[in-house]
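*Asks:* Would you be able to build a 3D model of this:
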Amino acid sequence: MSDFDAIDALLADVGPQAELPPPDVRRELREQARLSKAQVARALGVSPGTVGAWEGGREPSDEIRAKYAYLLDGLAAKFPAGTGQETAPAEDEAEAETEGAGAGEGESASEAGDEVESLAAAEPCVLCGAPARHRVAGFAQHLDPSDCRPATTTPSTVEQPTATQPTAVPSTVEQPAVTQPTAAPSAAEQPTVTQPTPTPARPARGPAKRAFQGQSGPGDLIGQAVQAALAEHRGDVEAALAALLKRAIPDAMRLLDETRKGARYDIVAHPWIPDILRKQTSKGADRIWEARPKWTRHELPPGRHEVTALDINGAYLSALKTHLPLGQLEHSAGFAHDRRRAGVHLITPPEWEHGAVLPNPIGNRDEPGPLWVTEPTLRLLLRLSGPKHALCAPPEIHESYTSGATENLLEKFRVALKEARDTAIADGDEVTLEYVKAMYSKFVSTMGESNYNRELYRPDWMHIIRSQAFANLWMKALKAHDEGLTVVRAMGTDELHVIGDWHRVFPEGRGVTEVKTKDTYTAGGDDSEDTGVMSGEEE
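*Replies:* Below is the predicted model:
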């Protein structure tokens with residue numbers, strides 16, 4: 001066979017690639033069908049971030065391109081042009097292309113949603129109720145105040161649709177009342193839109209209704225799932241809860257996808273991972289040390305003491321607020337630490353000379369020498385070596401795998417779970433409470449090498465979040481010590497035993513910023529009773 005024959009054979013095997021609509025149409029078709037990125041990703045065997053990249057202009061190839069084209073053709077047949085939602089204006093395309101762009105190196109801007117997001121389909125303006133093409137800080141509104149229509153006195157202009165309105169926003173964002181609207185906090189430069197004052201003849205009415213009535217958006221996914229499970233199982237609480245726990249992982253990924261809409265950065269769900277983050281054997285572990293506390297004080301002060309075992313609420317939920325690397329980890333060597341980046345680091349930890357009263361920040365480790373630690377552990381050691389605490393020498397950093405990072409990557413996801421948890425506690429709703437706990441705990445535990453979560457493969461995140469929970473517990477132990485309490489034990493993520501009036505140091509309750517009593521016991525003196533109580537599951 002000649003060279004030309006071989007080339008002809010190759011060309012014969014290569015068929016034409018499937019045609020795809022423009023990126024903005026791909027997104028519009030998905031949103032018209034009310035499909036999340038996670039749902040599309042599961043059907044195609046990719047990550048939600050990949051679907052977002054396709055909608056931002058990246059082109060799939062080979063077999064996956066044909067599958068994606070088949071899906072889009074089917075959606076186009078169900079939603080012909082002109083019968084569904086309107087296409088975004090051409091002037092918005094350039095803005096849409098930049099939405100969700102990855103962060104540059106070292107950038108760590110807030111993820112609180114303070115940017116302008118173009119909408120493929122118009123939503124009711126939070127100020128006037130008329131269709132708006134943009135969303136600011138999570139609120140649909142007109143960018144030009146002159147576009148806002150004056151509110152009428154009919155009830156229909158007060159009650160806004162709630163199906164697409166998000167409620168799981170940080171508590172610092174105030175939801176403006178319809179009768180006296182103000183610009184969203186992130187759009188403070190926009191003038192306030194003043195609505196006409198109702199005529200005196202108008203009958204007296206109750207308090208003005210808020211633009212967002214009832215629960216909807218990401219937070220409502222949790223409530224809807226609970227109500228559907230209870231309805232499916234005819235009010236059988238145990239059966240409904242069992243069903244909810246089984247679907248906690250995919251539901252958590254769906255919630256994550258919803259809370260990431262309009263975010264500044266796309267999540268890289270399946271990056272290249274260095275060998276130190278891969279399991280050494282099929283049933284073994286990787287080389288990352290998480291610094292899990294497992295410490296009990298060797299000697300107590302003389303006399304008998306009442307010890308309180310405190311339970312730290314929502315340890316993993318609070319740990320979702322941590323510095324997470326955005327993209328693929330890159331190798332570097334040297335002793336400098338860049339606070340704009342995050343990852344894992346090979347360090348020689350400092351000597352710890354306070355083991356009689358406080359646990360070692362790197363946990364119980366028998367072998368000396370360098371070890372790989374996560375970002376929270378390194379930052380904790382650097383903090384303790386600083387002038388404020390001066391408890392140890394700085395760690396020696398030998399090499400690192402890091403990426404540009406932000407502390408707020410999962411903040412909206414965390415807030416949605418926290419608000420659902422708070423509401424469930426206030427209402428005595430144990431079904432929702434256990435469901436939410438399963439969502440965030442399983443989300444953390446399965447984002448590594450797990451067969452239960454194929455949508456997100458970030459073992460670096462898993463180690464970092466868990467280490468953050470350990471670091472948070474350690475800081476509570478330090479706070480107790482600094483406030484004059486005697487620290488007796490620190491275990492895992494949620495167990496702290498102390499002697500003394502702990503109420504003046506920690507607020508009591510079931511909130512994530514509070515602690516509750518797990519047990520009390522006496523220790524010391526001639527009694528040989530164990531000075532601790534073994535921990536149960538988190539919370």
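*Asks:* how about residue 280, phi and psi?
*Replies:* phi -70, psi -30 (degrees, to the nearest 10).
*Asks:* Spit out the contact partners of it.
*Replies:* Residues in contact with residue 280, defined by Cβ atoms under 8 Å, 6 or more residues apart in numbering, are 286-287. The way it works is simple: take the backbone N, C-alpha and C, and place the C-beta from them, glycine included.
*Asks:* same thing with the one 5 residues further on?
*Replies:* Residue 285 makes contact with residue 279 under the criterion Cβ under 8 Å, 6+ apart.
*Asks:* quick one: what helix or strand has it in it?
*Replies:* Using DSSP states H and E, residue 285 maps to neither a helix nor a strand.
*Asks:* Model confidence for it, exactly?
*Replies:* Turning to residue 285, the model gives it a pLDDT of 89.
*Asks:* quick one: it from residue 341, how far?
*Replies:* Distance, residue 285 to residue 341, by Cβ to Cβ, to the nearest Å: 25 Å.
*Asks:* Kindly report the same for residue 51.
*Replies:* Residue 51 is 27 Å from residue 341, where distance means Cβ to Cβ.
*Asks:* what about those two, which has more around it?
*Replies:* Neighbours per residue (other Cβ atoms under 10 Å) separate residue 51 from residue 341, with residue 51 holding more: 29 against 23.
*Asks:* So the more buried one sits against residue 37, correct?
*Replies:* Yes: in this structure residue 51 lies within contact range of residue 37 using Cβ atoms under 8 Å: 4.4 Å.
*Asks:* Are there residues contacting both of these two? Which ones?
*Replies:* residue 30.
*Asks:* Can you give me the buried ones in the helix or strand hosting residue 476?
*Replies:* Using DSSP H and E, residue 476 maps to helix 459-482. By neighbour count on 16 or more other Cβ atoms under 10 Å, the buried set for helix 459-482 is 459-474, 476-478, 480-481.
*Asks:* go on, stretch 227-235?
*Replies:* For stretch 227-235, by 16+ other Cβ under 10 Å, it's 229-230, 233.
*Asks:* Among those, name the ones in helices.
*Replies:* Residues of the buried residues of stretch 227-235 located in helices (DSSP state H): 229-230.
*Asks:* closest to residue 409 among the buried residues of stretch 227-235?
*Replies:* Residue 409 lies nearest to residue 229 out of the buried residues of stretch 227-235, by Cβ to Cβ, at 29.3 Å.
*Asks:* show me what contacts that closest one?
*Replies:* Each residue near residue 229 by Cβ under 8 Å, 6+ apart is listed here: 240-241, 243-244, 431.
*Asks:* swap the cut-off to 6 Å and go again
*Replies:* Residue 229 sits next to 240, 243-244 when contact means Cβ atoms under 6 Å, 6 or more residues apart in numbering.
*Asks:* if we can go back for a sec, what is the nearest of the buried residues of stretch 227-235 to residue 496?
*Replies:* residue 229 (34.6 Å).
*Asks:* Now do the same for that closest one: its pLDDT.
*Replies:* With respect to pLDDT, residue 229 has a value of 94.
*Asks:* for residue 172, same thing?
*Replies:* At residue 172, the model reports a pLDDT of 38.
*Asks:* Got the phi and psi for residue 288?
*Replies:* Backbone geometry at residue 288, expressed as degrees, to the nearest 10, gives phi -90, psi 130.
*Asks:* how far away is the nearest residue to it once chain neighbours are set aside from residue 267?
*Replies:* Spatial nearest neighbour of residue 288, chain neighbours left out: residue 463 (4.7 Å); criterion: Cβ to Cβ, 6 or more residues apart in numbering. Residue 463 sits 17 Å away from residue 267, going by Cβ to Cβ.
*Asks:* Kindly report the same for residue 122.
*Replies:* Between residue 122 and residue 267 the distance, using Cβ to Cβ, works out to 27 Å.
*Asks:* So for the two, which residue has more residues nearby?
*Replies:* Higher neighbour count among residue 122 and residue 267: residue 267, with 24 against 15, using other Cβ under 10 Å.
*Asks:* Would you check how far apart residue 19 and residue 402 are?
*Replies:* According to Cβ to Cβ, residue 19 and residue 402 sit 40 Å apart.
*Asks:* more neighbours, these two?
*Replies:* residue 402 (22 against 9).
*Asks:* From the contact counts, what lies against the helix or strand that contains residue 373?
*Replies:* Taking DSSP H and E as the definition, residue 373 sits inside strand 371-374. Other helices and strands packing on strand 371-374, by 3 or more Cβ pairs under 6 Å, 6 or more residues apart in numbering; DSSP states H and E, are strand 288-289, strand 341-348, helix 459-482.
*Asks:* can I get these in CSV with distance to residue 301 and mean pLDDT?
*Replies:* Shown next, in CSV, are these (distance: least, Cβ to Cβ, whole Å; pLDDT from 0 to 100):
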stretch, distance to residue 301, mean pLDDT
strand 288-289, 32, 96
strand 341-348, 34, 96
helix 459-482, 13, 97
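*Asks:* Just read off the phi/psi values of residue 306.
*Replies:* Dihedral pair for residue 306: phi -90, psi 120, per degrees, to the nearest 10.
*Asks:* re the thing from before, which among the contacts of residue 229 end up buried?
*Replies:* Buried among these (16+ other Cβ under 10 Å): 240, 243-244.
*Asks:* Let me see the contact set for residue 514.
*Replies:* Residue 514 neighbours (Cβ under 6 Å, 6+ apart): residue 507.
*Asks:* for the one 10 residues further on, same thing?
*Replies:* For residue 524, the contact set (Cβ under 6 Å, 6+ apart) comprises 300, 303-305.
*Asks:* how about a cut-off of 8 Å?
*Replies:* So residue 524 contacts 300-305, 531 (Cβ under 8 Å, 6+ apart).
*Asks:* Which one of the residues you listed sits in the busiest neighbourhood?
*Replies:* residue 531 (21 neighbours).
*Asks:* hang on, the earlier thing: can the helices and strands packed on strand 371-374 go into a markdown table with extra columns for distance to residue 222?
*Replies:* Below are those laid out as a markdown table (distance: least, Cβ to Cβ, whole Å):
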| stretch | distance to residue 222 |
| --- | --- |
| strand 288-289 | 31 |
| strand 341-348 | 29 |
| helix 459-482 | 20 |
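*Asks:* Quick one: closest of those to residue 507.
*Replies:* Smallest distance to residue 507 across these (Cβ to Cβ): 12.0 Å, for helix 459-482.
*Asks:* and that closest one, how far out from the chain's middle?
*Replies:* 17 Å (Cα atoms, centre = their mean, to the nearest Å).
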